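Undergrad: everything below, folded, please.
(one chain, ligands or ions: 1)
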Amino acid sequence: MSFKDIIKSLENEGKEKHLPVIKAPDNVKGGEWFEVTVVVGKDVTHPNTLEHHIEGITIYYKEDGDKLAYKMADFSPIPAHTDSRVTIRARVENSGKLHAISSCNIHGLWESEKGIEID
Ligand SMILES: [Fe+2]
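TA: Numbering: from 1, shown residues only. Presented below is the predicted three-dimensional model:
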């Protein structure tokens, strides 16, 4: 089993609470700032207690044709005090895909992605 086998996505049970839903423009201008919001528990609120919470949201960007992704942001909400959502300002030079990974302290890692096109 490789690391990718333990990351869950849209097909898995519990996705309503755990998938990181990415909100970002479909098209942006190269090098100009835009907002990216990632929400975990968009449709069904995820518990936010010390015992069961989202412990991290990480956002990566992978340019089309590139083999590697780079990290854009790493967010660690504090359970019971901070909601499991984050908004960042980002800028990219080339089309590619945003990837978000959320981590639940009980239910593991979850991923989603969204394409960004440069005008
Ligand atoms: Fe969970």
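Undergrad: pull the contacting residues for the residue positioned nearest the centre of the chain.
TA: Per CA atoms, centre = their mean, the C-alpha nearest to the average position across the chain is that of residue 100, at 2.3 Å. The contact partners of residue 100, taken as CB atoms under 8 Å, 6 or more residues apart in numbering, are 20, 22, 38, 57-60, 111-113. In short, each C-beta sits where N, CA and C put it, glycine included.
Undergrad: list the buried ones in the helix or strand where it lies?
TA: Assessed by DSSP states H and E, residue 100 sits inside strand 96-104. Of the residues in strand 96-104, 96, 98-104 count as buried by neighbour count, 16 or more other CB atoms under 10 Å.
Undergrad: please apply the same query to stretch 60-69.
TA: With burial defined by 16+ other CB under 10 Å, the residues of stretch 60-69 counted as buried are 60-61, 63.
Undergrad: quick one: mean pLDDT for it?
TA: Mean pLDDT, stretch 60-69: 96.
Undergrad: okay, now that stretch: how far is its last residue from its first?
TA: End-to-end distance for stretch 60-69: 6 Å, by CA to CA, to the nearest Å.
Undergrad: before we move on, what about stretch 46-53?
TA: Stretch 46-53: ends 7 Å apart by CA to CA.
Undergrad: how far does that stretch sit from the chain's center?
TA: Between the centre of stretch 46-53 and the centre of its chain there are 18 Å (CA atoms, centre = their mean, to the nearest Å).
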